[in-house]
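Undergrad: Below are the sequence and a predicted model; questions follow.
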Amino acid sequence: MTPAIAHPEKILIIRLSAIGDLVMASPIIDVLRSAYPEAKIGWLVQAEFSELLAAHPGLDTVIEWPRRQWTTLLRARRFITLAREIKRFVRELRQAGFDTVIDIQGLLKSALWARLSGATTRIGLDCREGSGALMTQVVTSPGGDPRIGSEYRALIEALGLAAGDFPMSVAVNEDDERHARALIEAQLPAGEYAVLCPYTTRPQKHWFGEQWVQLANRLESELGLAVVVLGGPGDAAAAAELVARTTRGINLAGCSTLRQSAAVIKAARLLIGVDTGMTHTALAFDVPSVALFGSTRPYLDTGSPRAQIIYKDLPCSPCRRHPTCDGAFTCMRDITAAEVFATARTLVDDTATGS
């Protein structure tokens, strides 16, 4: 198959958010770099997520969309300042001279930036909200592929490029790793640890607090693993409550940047989490992990024997943003601490024996 992009000089990938999607889409960078080694490759992303991409060796530039800053100006009714900032941003985006844009978010907001970039070749993935009208080519993923990042793999293949193993990557630097070690060693002078990622934006994706406590204490008592709880600033109180009920736990929710949190995961013996960005990050580092899915099911095939998924395929699952269970969240409630621990123990034992 002849590649759909002929001799691009400057390629812009657009995926504005969020953490998990950025991680799952990260293999695209290396595929494009391999196919077009002389091309300049950039990524347009919301400013609050840019650090996940900033250290990636395959990117020449990361362009930060200051969405939160613009929202603040809008709410303050500073319309002239906002208009000036938008005009400046568009001018700088066009001056970057991208000839090819690949919009892997497929929404109107991402497609608008693709069009405003001035690129003559604009390729959109799974376009929604009428965004396909702003593209020169639309790629529709076939669906039904259970592999992680399957839609991004489908895009690459539709462009006539070889996806290969399509490994995810999250780049952290020595400063990130140094800071992560300092955070851990300040509260856990010695010993291995498991990372817990209990928090996300939707309650139907959460597991239940009592189960996390039971799991954490078994990890410590039976596997000798302390637990490190990650989350954002808004999760700090819930994480503190969880850690207070554990035998040996550390609350790092809101205490580190995204890359520093990734470095904490990189050094972990194990990760267990719900469908949230940091859970997917474990796969990028090949850290043994257990993902708990319920209302969402972003993938069922992790591509690695060191990462397992627990998912109850109920008649109503996955309901995504529209639960029908009146808050029972049975799909998550049916997952027990004993089941998760047994899965985690197998992964840890297999890692120890090298199998």
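TA: That came through, no problem.
Undergrad: From here on, just use CA atoms for contacts and neighbour counts.
TA: Noted.
Undergrad: Walk me through which strands the longest strand seen in the chain pairs with, and which way each runs.
TA: In the chain, with assignment by DSSP state E, the single longest strand is strand 40-46. Paired strands of strand 40-46, with direction, are strand 10-14 (parallel), strand 61-65 (parallel) (DSSP bridges).
Undergrad: Contacts for the helix or strand that comes right after the last one next, please.
TA: The reference is to strand 61-65. Later in the chain than strand 61-65, the nearest helix or strand by DSSP states H and E is helix 67-75. Outside helix 67-75, the residues within contact range by C-alpha atoms under 8 Å, 6 or more residues apart in numbering are 46, 47, 79, 81, 82, 85.
Undergrad: Could you chop this structure up by domain?
TA: 10-158, 174-353 (automatic domain parsing).
Undergrad: To residue 166, which of those lies closest?
TA: domain 10-158 (5.4 Å; C-alpha to C-alpha).
Undergrad: related to what we said a few turns ago, now list the buried members of the contacts of helix 67-75.
TA: 46, 47, 82, 85 (16 or more other C-alpha atoms under 10 Å).
Undergrad: Tabulate these (CSV), appending pLDDT and distance to residue 58.
TA: Conversion of the buried ones among the contacts of helix 67-75 to CSV gives the following (pLDDT from 0 to 100; distance: C-alpha to C-alpha, whole Å):
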residue, pLDDT, distance to residue 58
46, 98, 19
47, 97, 19
82, 98, 33
85, 98, 29
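Undergrad: now the residues you listed as JSON lines including distance to residue 59?
TA: Converted to JSON lines, those look like this (distance: C-alpha to C-alpha, whole Å):
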{"residue": "46", "distance to residue 59": "16"}
{"residue": "47", "distance to residue 59": "16"}
{"residue": "82", "distance to residue 59": "29"}
{"residue": "85", "distance to residue 59": "25"}
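Undergrad: Next up, the contacts around residue 196.
TA: So, once contact is read as C-alpha under 8 Å, 6+ apart, residue 196 ends up touching 227, 228, 229, 230, 271, 272, 273.
Undergrad: A helix includes it, no?
TA: No: read with DSSP: H, G, I helix; E, B strand; the rest coil, residue 196 is strand and lies in no helix.
Undergrad: Adjust the sequence numbering to begin at 201 for everything that follows.
TA: Okay, residue one is now 201; in that scheme the one you just asked about reads as residue 396.
Undergrad: partners of it in the sheet?
TA: Here residue 396, judged by DSSP bridges, has bridge partners residue 429, residue 472.
Undergrad: Name the residues that touch the longest strand of the chain?
TA: So strand 240-246 is contacted by 209-217, 229, 233, 258-267 (C-alpha under 8 Å, 6+ apart).
Undergrad: any idea how far residue 352 lies from residue 251?
TA: Using C-alpha to C-alpha, to the nearest Å, residue 352 is found at 21 Å from residue 251.
Undergrad: Looking at those two, which is more packed in?
TA: Per other C-alpha atoms under 10 Å, whichever of residue 352 and residue 251 has more neighbours is residue 352, with 22 against 19.
Undergrad: was I right about that one contacting residue 225?
TA: Yes: using C-alpha atoms under 8 Å, residue 352 is in contact with residue 225, at 6.1 Å.
Undergrad: if we can go back for a sec, reformat the domains of the chain as CSV; add distance to residue 366.
TA: Compiled in CSV, the domains of the chain are given as follows (distance: least, C-alpha to C-alpha, whole Å):
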stretch, distance to residue 366
domain 210-358, 5
domain 374-553, 10
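Undergrad: Identify whichever of those lies nearest to residue 367.
TA: domain 210-358 (5.6 Å).
Undergrad: Just the terminal-to-terminal distance for that closest one.
TA: One end of domain 210-358 to the other measures 20 Å (C-alpha to C-alpha).
Undergrad: got a list of what the residue lying farthest from the centre of the chain touches?
TA: Centroid-distance maximum for the chain: residue 280 at 34.8 Å, with C-alpha atoms, centre = their mean. Residues in contact with residue 280 (C-alpha under 8 Å, 6+ apart): none are found.
Undergrad: tell me the secondary structure for it?
TA: Criterion first, three-state DSSP; result for residue 280: helix.
Undergrad: The stretch 351-500 of the chain: strands as residue ranges?
TA: With DSSP state E, counting those that start in this stretch as the criterion, the stretch 351-500 of the chain has strands at 393-397, 426-429, 449-451, 470-474, 489-493.
Undergrad: Could I get these in JSON lines, plus columns for distance to residue 416 and mean pLDDT?
TA: JSON lines is the format used below for the strands of the stretch 351-500 of the chain (distance: least, C-alpha to C-alpha, whole Å; pLDDT from 0 to 100):
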{"stretch": "strand 393-397", "distance to residue 416": "8", "mean pLDDT": "98"}
{"stretch": "strand 426-429", "distance to residue 416": "6", "mean pLDDT": "97"}
{"stretch": "strand 449-451", "distance to residue 416": "8", "mean pLDDT": "95"}
{"stretch": "strand 470-474", "distance to residue 416": "10", "mean pLDDT": "98"}
{"stretch": "strand 489-493", "distance to residue 416": "14", "mean pLDDT": "98"}
